[in-house]
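Participant: No sequence on hand, only this structure:
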């Protein structure tokens, strides 16, 4: 997903003179073609996240569309005030591309886990948050980022993930994708967890449980209508996210469902509990340890339907 | 360089501009007094003699970009913007009012002539670096001028921005520090000593000038001199007096900000100012 996203920035820059790339201190060779062919719009500014977000805002105020790329934790927590003031308040057309959203950096430990990025970015007025499911969807999404108004936070999941998104359904920022319709339960997810949810849905169908699957690639602005449509017929709703259960997709769904009179349905969130996840290992192992797995989705649904 | 310069006399224009600050203080019954009064001459020279702008077309593409990064000094900026007809001086009477245009920190999009919303410290220089880089890419020759406070440069982000500005040799970026030597809690020397300030900025790749921030000619000449610098950003360390012009507020940390000013305070301020004639 990551190479796709960055290659898209280069493609966009070739077509549109307003596109600028700003990295912090990325690995050697990142976007070398961009650097060599469009050097005046390529910036690598060092380990200074607060500064690069402010600098991006300045460029945006002058009509440029900066794509800022670094690790998710530093792009959200470290420079939160810049995200709020310089981007949100100024409605700056800056795109934040965050590497390792979720538990991608599991082997690197808690300092590098971006498990609250969606929650904190959600609180910023004017901020759009998008978490594509795979590289193909990332590409469809990136093409729409140039002329979009306001700042966008782009959550990059782990690369080389399976392709589960569908190219027959048009991608539109802010419009959730109904992957499947069912009558018993609604599974609502975002980002790379879509693959797990689709697999779990298949397994549940075999057990005679009819599932809706809603992919909310855009968490903000929140597509209320699609959520309500997916949940209308079912008796139970489960949200699944590679994120803390506080303030992310599950919270957003709960807020909407309760306010829209669907509080009588069974509702459960799967995500990381309010802890710093322990241990290292791979992303997949960390997700399993924290219940973000096909098995736990199936088990949880069976339990709440009892 | 003299540390606390305070001439007893001021010319009519400096007194008039300060009277506009008092008008706004009266309008809002509050405001950053010391932090605005120290800035008057710096902004006066910028708007009278240096910046390119068109107050009737504030978004004029060729304008110089000015950012007051120490947003709490906004009363000085409002005084200049009103004086230059960016908006009607009547707005000063509604400073901090419910539906007023002028808030306790300047906001872009609400106030003509304000390039960036500031107030949270340590943001303006990075934004200015971005604006200056934009000029480089577009091959425009506008200047980007950023005024920072002395307390403000405690923020680490200022130094991130400074490193970047030096690294890109942003010759059209000019920073001015309102070095009034007092921050909210007290004297900068005691809270977080900035010295050796000149060496710090030099080592970050800036051409450093030290000026008397209340001396019109000194400010004018030095600002003109920055036009000859072709290989690096410039910074003017402006030695100023907090509260300048209001004797009881001068160099007095208690007059950094006041939130419940009374009628007698305005009288005292006006009387003090008039004594400088």
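Facilitator: Received the coordinates, thanks. All figures in this text were calculated on a predicted structure; none of them were measured in a lab. Numbers count the residues shown, from 1 in each chain, chains lettered A, B, ... in the order given.

Participant: which residues does the residue lying closest to residue A:236 once chain neighbours are set aside contact?
Facilitator: Spatial nearest neighbour of residue A:236, chain neighbours left out: residue A:266 (4.0 Å); criterion: Cβ to Cβ, 6 or more residues apart in numbering or on different chains. Glycine gets a C-beta too; all of them are placed from N, C-alpha and C. Taking Cβ atoms under 8 Å, 6 or more residues apart in numbering or on different chains as the contact definition, residue A:266 lies against A:235-237, A:304-305.

Participant: just residue B:277 next, same as before
Facilitator: B:9-10, B:12, B:15.

Participant: burial of residue 125, as a residue count?
Facilitator: Because you didn't say which chain, this covers chain A. 10 (other Cβ atoms under 10 Å in any protein chain shown).

Participant: Correction: the question concerned chain B.
Facilitator: 32.

Participant: Run through the chain and note the low-pLDDT ranges.
Facilitator: With no chain named, the answer covers chain A. Across chain A, residues meeting the criterion (pLDDT under 70) sit at A:159-160.

Participant: sorry, should have said chain B
Facilitator: For chain B, applying pLDDT under 70 flags the ranges B:1-8.

Participant: Residue of it nearest chain A, please.
Facilitator: residue B:130 (2.1 Å; Cβ to the nearest Cβ).

Participant: For that residue, what are phi and psi?
Facilitator: Note on residue B:130: its backbone torsions stand at phi -60, psi -40 [degrees, to the nearest 10].

Participant: Residue A:126 too?
Facilitator: Taking degrees, to the nearest 10 as the convention, residue A:126 sits at phi 80, psi 0.

Participant: and which of the contacts of residue B:277 is nearest to residue B:182?
Facilitator: residue B:10 (19.8 Å; Cβ to Cβ).

Participant: Around the closest residue to residue A:273 other than its chain neighbours, count how many other residues there are.
Facilitator: Using Cβ to Cβ, 6+ apart and skipping residues adjacent in sequence, the residue nearest residue A:273 is residue A:245, 6.2 Å away. Residue A:245: 20 surrounding residues under other Cβ under 10 Å.

Participant: residues of the helix or strand where residue A:253 lies that come out buried?
Facilitator: In the assignment (DSSP states H and E), residue A:253 maps to helix A:249-259. For helix A:249-259, a neighbour-count test (16 or more other Cβ atoms under 10 Å in any protein chain shown) marks A:249-254, A:256-257 as buried.

Participant: rewinding a little: residue A:53 is in contact with the residue of chain B closest to chain A, correct?
Facilitator: No: taking Cβ atoms under 8 Å as the definition, residue B:130 is not a contact partner of residue A:53, at 9.6 Å.

Participant: Please name the residues that touch the nearest residue in space to residue B:114 that is not next to it in sequence.
Facilitator: Sequence neighbours aside, residue B:106 is the residue nearest to residue B:114 in space, at 4.5 Å (criterion: Cβ to Cβ, 6+ apart). Neighbour list for residue B:106: B:68, B:71, B:74, B:77-78, B:114, B:117-119 [criterion: Cβ under 8 Å, 6+ apart].

Participant: same check, this time on residue A:267
Facilitator: Contacts of residue A:267 (Cβ under 8 Å, 6+ apart): A:236-238, A:253-254, A:257.

Participant: among these, which two are most distant?
Facilitator: A:236 and A:254 (13.5 Å).

Participant: and the gap between the residue nearest the centre of chain A and residue B:20?
Facilitator: Nearest to the mean C-alpha position of chain A, by Cα atoms, centre = their mean, lies residue A:131 at 2.2 Å. As judged by Cβ to Cβ, to the nearest Å, residue A:131 and residue B:20 stand 50 Å apart.

Participant: Residue A:78 now?
Facilitator: For residue A:78 relative to residue B:20 (Cβ to Cβ), the value is 40 Å.

Participant: before we move on, what about residue A:125?
Facilitator: From residue A:125 to residue B:20 the distance is 33 Å (Cβ to Cβ).

Participant: So for stretch A:59-79, first residue to last residue, what's the gap.
Facilitator: 17 Å (Cα to Cα, to the nearest Å).

Participant: Just confirm yes or no for it near chain B.
Facilitator: Yes: contact of stretch A:59-79 with chain B (Cβ under 8 Å from any Cβ of the partner chain) involves A:59-64, A:66.

Participant: who's in contact with the residue of chain B closest to chain A?
Facilitator: A:54-62, A:66.

Participant: Of these, which is the most crowded?
Facilitator: Neighbour max across the contacts of residue B:130 (other Cβ under 10 Å) = residue A:55, 35 neighbours.

Participant: in chain B, which spans are helices?
Facilitator: Remark: helices assigned in chain B by DSSP state H are B:12-28, B:33-37, B:40-45, B:74-83, B:124-138, B:156-167, B:188-191, B:197-203, B:216-226, B:263-274.

Participant: Just the buried positions in the shortest one, please.
Facilitator: The reference is to helix B:188-191. Neighbour-count burial for helix B:188-191 flags B:188, B:191 (criterion: 16+ other Cβ under 10 Å).

Participant: so how far is it from its chain's centroid?
Facilitator: 20 Å (Cα atoms, centre = their mean, to the nearest Å).

Participant: Please name every helix or strand in contact with that helix.
Facilitator: Of the remaining helices and strands, none touches helix B:188-191 by 3 or more Cβ pairs under 8 Å, 6 or more residues apart in numbering or on different chains; DSSP states H and E.
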